[in-house]
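Visitor: Structure, please.
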Amino acid sequence: MNDVKKLITNRTIWLLHVLTVVLLCIVFYYHWIVGIVLTVVFALIIVSGLRAEDRLKRKIEQYISTLSYRVKKVGEEALLEMPFGIVLYNDEYQIEWANPYMNDFMEADDTLIGESLSDLSDDLIKAIKDEDDELRIEIDGKVYRAVIKREEKLVYFFDRTMYADLETRYQNEETVLSIIYLDNYEELTQAMDDTSKSRMNSRVTSILNRWSKEYGFYLKRTSQERFLAVMNREILEKLESSKFEILDDVRELISDQNVPLTLSIGIGRGTADLRELGDMAQSSLDLALGRGGDQVAIKDEHGKVKFFGGKTNPMEKRTRVRARVISHALRELVNESEQVLIMGHKMPDMDSIGSSVGILKLAQQNNKEGYVVFDRDGMNTGVQKLIDEIDEDDSLAEQFVSPDEALDMVTKNTLIVVVDTHKPSMVMEEKLLNRTEHVVVIDHHRRAEEFINDPTLVYMEPYASSTAELVTELLQYQDGRVKLSTLESSALLAGIIVDTKSFTLRTGSRTFDAASYLRSKGADTVFVQKLLKEDLDVYVKRSELIKNATIFKEGVAIAKGNEGESYGPIIIAQAADTLLTMDGVQASFVISERSDNQIGVSARSLGDINVQVLMEKMNGGGHLTNAATQLEDTTIEQVEEQLRDIIDDYMQGGNSS
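Guide: Residues are numbered from 1 along each chain as shown. This next block holds a predicted model:
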């Protein structure tokens, strides 16, 4: 650097020489002898300067040459010794050159040159074609960040194995909270003596402690019926892989003692906030219990829920005390409201309309105006006869209003009662839910992930045969003698009969009690049968579906409609019901096009196969023995293939949802 400065200084001197020549000329003009002397001196100075400049140039050239050599040598060594991979490829994605770091992946005497990029990773060529700048790949058990330079046809490989291991370790050690609940514990132990209760507690605790020790998590009993479990994500994944066999272990052990006790487990994961984890675990437990118990619900920070278990038919766990408490609470809400709007689900069935009529009567019993929200354009043929009968009853017909009329009527002090569904997307008019803060949910379906936001009162009993059964019990505990007309009581009874398939499925002692109460109030079974009669055309169409049925696996029947021919949801459901009556059929599935351009699947079971779990994997839901789903942008063949794969997985033990 100093030599360069000298060169600049010498050039400045040359400018001074020019000025000196000018001065010499002036001196020559006035005194030529002095001018000659000074010229000789100046010439000697110039010659000396030229020689010095020449030496300086040669010295600089030598310095630059030495520096260039050193830089080139360092660059070559750095390129070959760099602790990351470099690969050059051609237009055919074949490797043209790789530094020694990359060749270490090959066996001795082998080289990457001439090999395809796909030999390093199947995703590499795809990423280049997709114009991705980088991707994460795994080679020989190590994780790399591949940085792609498409213009240079160059790929850099940076080892990120240590960071990947740290990330995996962090994820595996993520805290997971779980609440374990003994279903039906209080009801079962009420009639036990201290010795029997202690023996049962000891057996259950022993099983759970052995389970926690096997998988290495902390377990603490917090009450007679609750346990708290603390684990990490790695342990949770092992439990998921085992399909939570603890559910079967407890069920099998307890069933040997003829005590119907099962487990429900709620799990929260995905956040470092312990309070939030606790809330998610409790929410998951509520969801598992709302779906009938005997299952596991796992909720993450995004609200996504996974289910395991739920293989048994829910046992009747509700008590008359709870029905009385709910009835009184509902009466108070009715009395505090201006009016009551009742709505069921879209495309209503007998249960939806019957239970709506029952709640309407409950409102009138408490001297409040009540209205049933009903969309005649969205009505299926299965309830047409009942609606025709209602239209002939002027006092009842005027209490049925359209969704638009209901939107005009609703106020902040209106009580909205949703029956036979708990999903906001399925109610008759979803906008009504946002117009008031007072919403009651009464339903007999297992609770799904989608749920009405912050309801005032929830009465969900998946153990009940129908919502009409629940509403009938609520009517029994209202103050005063409830007066039901023949039409009103028959509508409620029709809802029970349809959902129980004439008292053959999901029927408990309480179901018969409710039917007996309605019969005493004037329900006419002959009139109900008249409502349930079907047209000959409907019978023929259902028979067409049944004719196409095949046995997929032992006990599993699948029927499908013809391409281009649509069937209503009632016909599809009836076809599945009919198939279930066939000898040797334990579960039936009917697939068909619907009039709304969707593909509908109706599933039925005698109880050994949980069709709810199967339908949930196809974005549907329902009960263990009665479920359905609707799919868009697909074909019957594609749905059948998907259904067969799901049934195969279920039969092989993958029965989590």
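
Visitor: Just the C-alphas of the strand or helix carrying residue 322, formatted as PDB.
Guide: Counting by DSSP states H and E, the element that carries residue 322 is helix 320-336. Listed next in PDB are the C-alpha coordinates belonging to helix 320-336 (Å, rounded to 0.1, in the frame of the first residue of the first chain):
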ATOM      1  CA  ARG A 320     -83.800 -37.800  36.500                       C
ATOM      2  CA  VAL A 321     -82.200 -35.300  38.900                       C
ATOM      3  CA  ARG A 322     -80.300 -33.700  36.000                       C
ATOM      4  CA  ALA A 323     -83.400 -33.600  33.800                       C
ATOM      5  CA  ARG A 324     -85.300 -31.800  36.600                       C
ATOM      6  CA  VAL A 325     -82.500 -29.300  37.100                       C
ATOM      7  CA  ILE A 326     -82.300 -28.600  33.400                       C
ATOM      8  CA  SER A 327     -86.100 -28.200  33.100                       C
ATOM      9  CA  HIS A 328     -86.200 -25.700  36.000                       C
ATOM     10  CA  ALA A 329     -83.200 -23.800  34.600                       C
ATOM     11  CA  LEU A 330     -84.900 -23.600  31.200                       C
ATOM     12  CA  ARG A 331     -88.100 -22.400  32.800                       C
ATOM     13  CA  GLU A 332     -86.200 -19.500  34.400                       C
ATOM     14  CA  LEU A 333     -84.600 -18.600  31.100                       C
ATOM     15  CA  VAL A 334     -88.000 -18.600  29.400                       C
ATOM     16  CA  ASN A 335     -89.500 -16.400  32.100                       C
ATOM     17  CA  GLU A 336     -86.700 -13.900  31.900                       C
END
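
Visitor: So which bits of it are buried?
Guide: When neighbours are counted by 16 or more other CB atoms under 10 Å, the buried residues of helix 320-336 are found to be 323, 326, 327, 330, 331, 333, 334. All C-beta atoms are positioned from the backbone trio N, CA, C, and that covers glycine.

Visitor: Helix or strand, whichever it is, which one in this protein has the lowest mean pLDDT?
Guide: When each helix and strand of the chain is scored by mean pLDDT, DSSP states H and E, helix 2-30 comes last, with a mean of 62.

Visitor: For residue 626, give me phi and psi.
Guide: phi -150, psi 110 (degrees, to the nearest 10).

Visitor: Surely it touches residue 614?
Guide: No. Look at residue 626 against residue 614 with CB atoms under 8 Å: they stay out of range, at 11.9 Å.

Visitor: Show me whatever sits in contact with both of these two.
Guide: Contact criterion CB atoms under 8 Å, 6 or more residues apart in numbering; residues shared by residue 626 and residue 614: residue 603.

Visitor: So between these two, which is more surrounded?
Guide: A count of neighbours by other CB atoms under 10 Å puts residue 614 above the other of residue 626 and residue 614, at 25 against 22.

Visitor: now the buried residues of helix 320-336 in CSV, with pLDDT and distance to residue 391?
Guide: Formatted as CSV, the buried residues of helix 320-336 follow (pLDDT from 0 to 100; distance: CB to CB, whole Å):
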residue, pLDDT, distance to residue 391
323, 83, 32
326, 84, 31
327, 88, 30
330, 90, 28
331, 89, 29
333, 90, 30
334, 92, 26
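
Visitor: Return the closest of these with respect to residue 516.
Guide: Using CB to CB, residue 323 comes nearest to residue 516 of those, at 15.3 Å.

Visitor: Report the spatially nearest residue to the closest one, omitting neighbours in sequence.
Guide: Distance criterion CB to CB, 6 or more residues apart in numbering; nearest residue to residue 323, sequence neighbours excluded, is residue 473 at 4.5 Å.

Visitor: tell me which element residue 644 is part of?
Guide: In this structure, residue 644 is located in helix 636-651 according to DSSP H and E.

Visitor: in that helix, what's buried?
Guide: 636, 639, 640, 642, 643, 646, 647, 650.

Visitor: what residues does it touch?
Guide: Everything outside helix 636-651 that qualifies as a contact, by CB under 8 Å, 6+ apart, is 552-553, 556, 558, 560-561, 563, 589, 591-593, 599, 601, 609-610, 613-614, 617-618, 631.

Visitor: Just checking the distance from stretch 432-449 to the centre of its chain.
Guide: Relative to the chain's own centre, stretch 432-449 is displaced by 21 Å; criterion: CA atoms, centre = their mean, to the nearest Å.

Visitor: Do me a favour and get the end-to-end distance for stretch 586-603?
Guide: Across stretch 586-603, the terminal residues are separated by 11 Å (CA to CA, to the nearest Å).

Visitor: what is the rounded mean pLDDT of it?
Guide: On average, the pLDDT along stretch 586-603 is 90.

Visitor: Run a quick neighbour tally on residue 353.
Guide: 26.

Visitor: before we move on, what about residue 282?
Guide: For residue 282, the neighbour count with other CB under 10 Å is 15.

Visitor: quick one: residue 280 and residue 299 touch, right?
Guide: Yes. The criterion here is CB under 8 Å, and residue 280 meets it with residue 299 at 4.7 Å.

Visitor: Report the set of residues contacting both of the two.
Guide: In terms of CB under 8 Å, 6+ apart, residue 280 and residue 299 are both contacted by the residues 267, 268, 269.

Visitor: quick check, nearest of those to residue 342?
Guide: Nearest to residue 342 among these: residue 268, at 35.0 Å, using CB to CB.

Visitor: what are the bridge partners for that closest one, then?
Guide: residue 177, residue 299 (DSSP bridges).

Visitor: domain assignment for this protein?
Guide: The chain resolves into domains spanning 2-80, 85-165, 191-309, 320-532, 536-651 when parsed by automatic domain parsing.

Visitor: Out of these, flag the one nearest residue 171.
Guide: The closest of the domains of the chain to residue 171 is domain 191-309. By CB to CB, the value is 5.7 Å.

Visitor: and the closest one, how far out from the chain's middle?
Guide: On the basis of CA atoms, centre = their mean, domain 191-309 is displaced by 21 Å from the centre of the chain it belongs to.

Visitor: Show the end-to-end separation of it, please.
Guide: Domain 191-309 has an end-to-end distance of 28 Å (criterion: CA to CA).

Visitor: Over to stretch 433-440?
Guide: End-to-end span of stretch 433-440 (CA to CA): 10 Å.

Visitor: buried stuff in that stretch?
Guide: Neighbour counts over stretch 433-440 (16+ other CB under 10 Å) mark 433, 435, 436, 438, 439, 440 as buried.

Visitor: How about stretch 625-638?
Guide: Buried positions in stretch 625-638, judged by neighbour count with 16+ other CB under 10 Å: 625, 626, 627, 628, 629, 631, 636.

Visitor: same check, this time on stretch 609-622
Guide: Within stretch 609-622, the residues scored as buried using 16+ other CB under 10 Å are 609-618, 620-622.

Visitor: Select from these every entry located in helices.
Guide: Counting by DSSP state H, the buried residues of stretch 609-622 place 611, 612, 613, 614, 615, 616 in helices.

Visitor: Just the helices from the stretch 51-200 of the chain, written as ranges.
Guide: 100-103, 122-129, 161-172, 185-189, 194-215 (DSSP state H, counting those that start in this stretch).

Visitor: avg pLDDT for the fourth one?
Guide: When pLDDT is averaged over helix 185-189, the result is 76.

Visitor: Need the CA coordinates for that helix. PDB is fine.
Guide: Output in PDB follows, covering the C-alpha atoms of helix 185-189 (Å, rounded to 0.1, in the frame of the first residue of the first chain):
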ATOM      1  CA  TYR A 185     -68.200 -43.200  39.000                       C
ATOM      2  CA  GLU A 186     -70.600 -41.500  41.400                       C
ATOM      3  CA  GLU A 187     -73.700 -43.300  40.200                       C
ATOM      4  CA  LEU A 188     -71.900 -46.700  40.300                       C
ATOM      5  CA  THR A 189     -70.500 -46.300  43.800                       C
END
